[in-house]
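Enquirer: Make a model of this:
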Amino acid sequence: MKKQTKFIIFIVLVILLIGGVGVYASVNQGPGQYDSFAQCISKTGAKFYGTFWCPHCNNQKKMFGSSKKYLPYVECSTKDGRSQLPVCKDAGIEGYPTWIFADGSKLEGEVPLETLSLKTSCSLLQPAE
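Expert: Okay, here's the model as predicted:
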């Protein structure tokens with residue numbers, strides 16, 4: 001390979017690396033859109049039961065974007081994905097996702113953010129800074 005071709009490949013790789021770092025930093029920087037909302041849900045005593053292998057559970061988490069880390073999530077599956085953990089058996093969880101609220105009410109399936117807001121009295125709107 002010619003030195004000029006190697007140099008061009010090197011420059012392209014450096015540009016891609018710098019671009020990738022920039023994208024990563026912009027995605028993982030600052031508060032998430034629903035941080036306050038997810039934190040409020042957790043404070044109400046609500047619980048979100050799911051499994052790592054459940055596509056509907058993953059869709060529910062995606063609704064919260066980077067704010068999902070604040071959800072009151074309870075993993076129900078054993079690591080091998082074959083059994084349900086006792087915490088979920090004890091809570092009577094039969095399907096995923098399942099939300100159980102402080103008043104004892106239960107919603108199964110993907111729950112819209114608006115419904116979660118109504119059930120928990122948590123605002124979807126970010127507080128003014």
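Enquirer: Over to W99: give its phi and psi.
Expert: Recorded main-chain torsions at W99 are phi -110, psi 130, according to degrees, to the nearest 10.
Enquirer: Leaving out the residues flanking it, which one is nearest to it?
Expert: Taking CB to CB, 6 or more residues apart in numbering, and ignoring the residues beside it in sequence, W99 has L107 as its nearest neighbour in space, at 4.6 Å. To be clear about C-beta, it is placed using only N, CA and C from the backbone, and glycine gets the same treatment.
Enquirer: Need phi/psi at the one you found.
Expert: The phi and psi torsions at L107 (degrees, to the nearest 10) take the values phi -130, psi 130.
Enquirer: residues near it, how many?
Expert: By the criterion of other CB atoms under 10 Å, L107 has 17 neighbours.
Enquirer: got the contact list for it?
Expert: Applying CB atoms under 8 Å, 6 or more residues apart in numbering, we find L107 in contact with T98, W99, F101, T115, K119.
Enquirer: 10 Å instead, please
Expert: With contact set as CB atoms under 10 Å, 6 or more residues apart in numbering, L107 has these partners: A46, F48, P97, T98, W99, I100, F101, T115, L116, K119.
Enquirer: How about K2?
Expert: Residues in contact with K2 (CB under 10 Å, 6+ apart) are I8.
Enquirer: Same check on K106?
Expert: When the contact criterion is CB under 10 Å, 6+ apart, the partners of K106 are K47, Y49, A91, G92, I93, E94, T98, W99, I100.
Enquirer: All the strands of the chain, residue numbers only.
Expert: Along the chain, the stretches classed as strands by DSSP state E are 47-50, 73-75, 98-100, 106-108.
Enquirer: Alpha carbons only: can I get stretch 63-72 in CSV?
Expert: Included here for stretch 63-72 are C-alpha records, laid out as CSV according to Å, rounded to 0.1, in the frame of the first residue of the first chain:
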residue,chain,number,x,y,z
MET,A,63,-40.2,5.5,26.7
PHE,A,64,-38.0,7.0,29.5
GLY,A,65,-34.8,7.2,27.4
SER,A,66,-31.8,7.9,29.6
SER,A,67,-34.1,8.6,32.6
LYS,A,68,-34.8,4.8,32.8
LYS,A,69,-32.1,4.6,35.4
TYR,A,70,-34.4,6.3,37.9
LEU,A,71,-37.3,3.9,37.4
PRO,A,72,-38.4,1.7,40.3
